[in-house]
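# sequence-free structure coming up:
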């Protein structure tokens, strides 16, 4: 009987451990599968987290989320980008630091990770030599899943990757990665104001207005790419007010975006204004 009791107790304890939520300080490192051992040692030394769990990211996993968004030549045939994620205290948001990442800025990662549903995490993305960084997001999401024991919705992963690639491409075109990341943050803030989904024409108007406020002129193809990703972002079941608060690069500015009164009004306000105009016109007929 005692042996049976001990076995049951051990089972319950082990089950509790598996089901327990991630705690602040829990750390997971993802290493590119095609790194040489010396490169892995170099990155592990830079991450300086000897007690961290380590997992591997393969090139096949990278292609799973990037195929169709980037050319296969740009994605490459090797998994090199690596990342470390550490669970932060609740309310801290997502903060990202990068090294040897040439195409994706830290604010772009923060934006994409917030779209993927990542919360309160300290992230570092690194490589042994300069790389674009587009594959780094796959590693961070895998590390977050490992740390928390919770799977990220596959659709959210795909939308997050498309958002990152679209933002990076626009950043390259306008010559300012941070402006591109801020543009996406402002656009998400506009979506957070809406009580319903916007049409493509309404999305184009919002994009044009927000870009104009920032002094940016976007090409038709850039606007179309933003319409595509915003359409998919609208379809995600996300509380955008909370998600935006995770983007620490603009933490102090997000509320300003939400409280601002730009030319692109909320959908409900547009309808109310239109109806009020009709009422005023009708009342004028009886004067």
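Alright, I've got the coordinates. In this text, all values refer to a predicted model and were calculated from it rather than measured experimentally. Residues are numbered from 1 along each chain as shown.

# Kindly confirm my reading that residue 215 forms part of a strand.
No: Residue 215 sits outside any strand when classified using DSSP: H, G, I helix; E, B strand; the rest coil, being coil.

# neighbours around it, how many?
Close neighbours of residue 215, defined as other CB atoms under 10 Å, add up to 7. Backbone N, C-alpha and C define where each C-beta goes, glycine included.

# so where's the chain shaky on pLDDT?
1-21, 251-287 (pLDDT under 70).

# Give me the residue at the spatial middle of this protein.
residue 112 (1.4 Å; CA atoms, centre = their mean).

# List the contacts of that one.
137, 160-161, 163-164, 167 (CB atoms under 8 Å, 6 or more residues apart in numbering).

# can you redo those as JSON lines with distance to residue 205, secondary structure and neighbour count?
Converted to JSON lines, the contacts of residue 112 look like this (distance: CB to CB, whole Å; DSSP: H, G, I helix; E, B strand; the rest coil; neighbours: other CB atoms under 10 Å):
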{"residue": "137", "distance to residue 205": "29", "secondary structure": "helix", "neighbour count": "28"}
{"residue": "160", "distance to residue 205": "25", "secondary structure": "helix", "neighbour count": "30"}
{"residue": "161", "distance to residue 205": "26", "secondary structure": "helix", "neighbour count": "27"}
{"residue": "163", "distance to residue 205": "20", "secondary structure": "helix", "neighbour count": "25"}
{"residue": "164", "distance to residue 205": "24", "secondary structure": "helix", "neighbour count": "30"}
{"residue": "167", "distance to residue 205": "20", "secondary structure": "helix", "neighbour count": "27"}
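
# What is the nearest of these to residue 244?
Lowest distance from residue 244 to those (CB to CB) belongs to residue 163, with 13.3 Å.

# I figured that closest one was touching residue 114, is that so?
No: judged on CB atoms under 8 Å, residue 163 makes no contact with residue 114 at a distance of 9.6 Å.

# shouldn't residue 142 be in contact with residue 29?
No: using CB under 8 Å, residue 142 is not in contact with residue 29; the gap is 10.6 Å.

# Now list whatever residues contact both of those two.
residue 55.

# neighbour count winner among those two?
Each of residue 142 and residue 29 has its neighbours counted (other CB under 10 Å); residue 29 has more, 24 against 20.

# so where does the more buried one fall, helix or strand?
In this structure, residue 29 sits in strand 27-32 according to DSSP states H and E.

# and the helix or strand just after that strand with strand 27-32, angle?
Past strand 27-32, further along toward the C-terminus, the next helix or strand under DSSP H and E is helix 37-47. Calculated by axes from the mean of the first three to the mean of the last three CA atoms, to 10 degrees, helix 37-47 forms an angle of 150 degrees with strand 27-32.

# So residue 85 lies in a helix, does it not?
No: assigned with three-state DSSP, residue 85 falls outside any helix and is strand.

# Next, work out how far apart the closest residue to it other than its chain neighbours and residue 59 are.
Excluding the flanking residues, the one nearest residue 85 by CB to CB, 6 or more residues apart in numbering is residue 143, at 4.2 Å. With the distance defined as CB to CB, to the nearest Å, residue 143 ends up 17 Å from residue 59.

# between those two, which one's more packed in?
For residue 143 and residue 59, the more surrounded residue by other CB under 10 Å is residue 143, and the numbers stand at 27 against 18.

# Return the residues in contact with that one.
Counting by CB under 8 Å, 6+ apart, residue 143 makes contact with 28-30, 55, 83-85.

# What of residue 101?
81, 125-127, 130-133, 136.

# beta partners of it?
Here residue 101 sits in beta bridges with residue 131, going by DSSP bridges.

# ok, residues contacting stretch 161-168?
The list of residues contacting stretch 161-168 from outside it, by CB under 8 Å, 6+ apart, reads 65-66, 69-70, 103-105, 108-109, 111-112, 115, 132, 134, 137-138, 177, 180-181, 183-184, 225-226, 228-229, 232-233.

# before we move on, the earlier item: what are the pairing partners of the strand holding residue 29, and which direction each?
Short version: by DSSP bridges, strand 27-32 pairs with strand 53-57 (parallel), strand 82-87 (antiparallel).

# Any chance you could list what contacts it?
So strand 27-32 is contacted by 40, 43-44, 47, 49, 51-57, 78-87, 127, 135, 139-140, 142-144, 146-147 (CB under 8 Å, 6+ apart).

# For PyMOL, what selects the buried ones among those residues?
Buried residues within the contacts of strand 27-32, by 16 or more other CB atoms under 10 Å, are selected in PyMOL with:
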select buried, resi 40+43+44+47+49+52+54+56+57+79+80+81+82+83+84+85+86+87+127+135+139+140+142+143+144+146+147
